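Engineer: okay, sequence plus prediction incoming.
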Amino acid sequence: MSIYVASAAEARANFKQGPYSRWFHKEARADQADGNFAFQRLRHPLFQPAITPRFQMKREDKLFAIGSCFARGIEKALVGRKMEVLSAAPEFASLQTANKEVTGLGFTNKYNTFSIFNELRWALDPAAKFPRDSIAKIDDELCCDPHTNPTLRPAGFEETLRRRGMIQMVTRRVAQCRVVIITLGLVEAWRDKSADTFINA
């Protein structure tokens with residue numbers, strides 16, 4: 001999987017050349033309907049982000065979405081277009097949800113960059129081990145994995161570990177994909193000091 005790396009000079013050049021890269025200019029008027037500055041575009045009835053696509057998806061591409069509930073919506077839309085979305089795994093359909101308004105797939109939602117990074121690291125890096133001591137006890141029988149979305153009924157330790165293994169097995173499929181879609185849900189993040197890891201909250 002290729003990663004785009006730019007030098008500081010290239011990043012500055014991209015910023016300078018981008019017609020929509022600036023927030024404000026003192027000589028620009030807020031009421032200019034065709035203005036490219038963000039403070040002008042945000043005044044429109046419908047804000048339209050200005051994006052220059054750098055690649056195109058192909059029908060045969062394998063896709064993986066990770067992140068907030070918005071990632072689940074993107075998965076659903078892409079599956080509806082007959083795209084192969086490896087993150088929309090059938091394995092999650094068997095999970096018993098806490099209520100009827102959610103699906104087992106919602107269990108995989110990730111809400112901050114740390115929780116996304118952790119999930120990818122635990123799935124892809126053989127040296128990175130999931131911190132079992134981060135699994136929280138609710139009572140003498142039930143546990144909670146704070147690195148998942150609480151859409152499932154709490155379960156015992158072994159079942160919680162089985163669910164964890166299922167997520168990691170599916171997340172490994174990201175390595176087969178040309179396109180990875182990442183959505184973010186929250187800015188803030190919480191760190192479990194005893195397990196020395198950020199949680200999915």
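Structural biologist: Thanks, I have the structure now.
Engineer: distance of A65 relative to V5?
Structural biologist: Computed as CB to CB, to the nearest Å, the A65 to V5 distance reads 24 Å. Using the backbone N, CA and C atoms, a C-beta is placed for each residue, glycine as well.
Engineer: actually Q40, not the one I typed
Structural biologist: Remark: distance between Q40 and V5 (CB to CB) = 32 Å.
Engineer: what's the answer for T148, then?
Structural biologist: For T148, the distance to V5 equals 32 Å [CB to CB].
Engineer: which one of those two is surrounded by more residues?
Structural biologist: The neighbour comparison of T148 against V5 (other CB atoms under 10 Å) goes to T148, with 21 against 6.
Engineer: ok, the more buried one - contacts?
Structural biologist: Contacts here follow CB atoms under 8 Å, 6 or more residues apart in numbering; on that basis T148 touches 107-108, 163-164, 167, 200.
Engineer: and if we set it to 10 Å?
Structural biologist: Residues near T148 by CB atoms under 10 Å, 6 or more residues apart in numbering: 106-110, 115, 119, 160, 163-164, 167, 199-200.
Engineer: and for F37?
Structural biologist: F37 makes contacts with 19-25, 28-30, as judged by CB under 10 Å, 6+ apart.
Engineer: ditto for P150
Structural biologist: Going by CB under 10 Å, 6+ apart, P150 touches 98, 102, 106-107, 109, 144, 200-201.
Engineer: sorry, back to before: for the contacts of F37, which two are the farthest from each other?
Structural biologist: The most widely separated members of these are S21 and R29, with 19.0 Å between them, by CB to CB.
Engineer: buried ones in the helix or strand containing R163?
Structural biologist: Using DSSP states H and E, the element containing R163 is helix 157-171. Judged by neighbour count (16 or more other CB atoms under 10 Å), helix 157-171 contains these buried residues: 160-161, 163-164, 166-167, 170-171.
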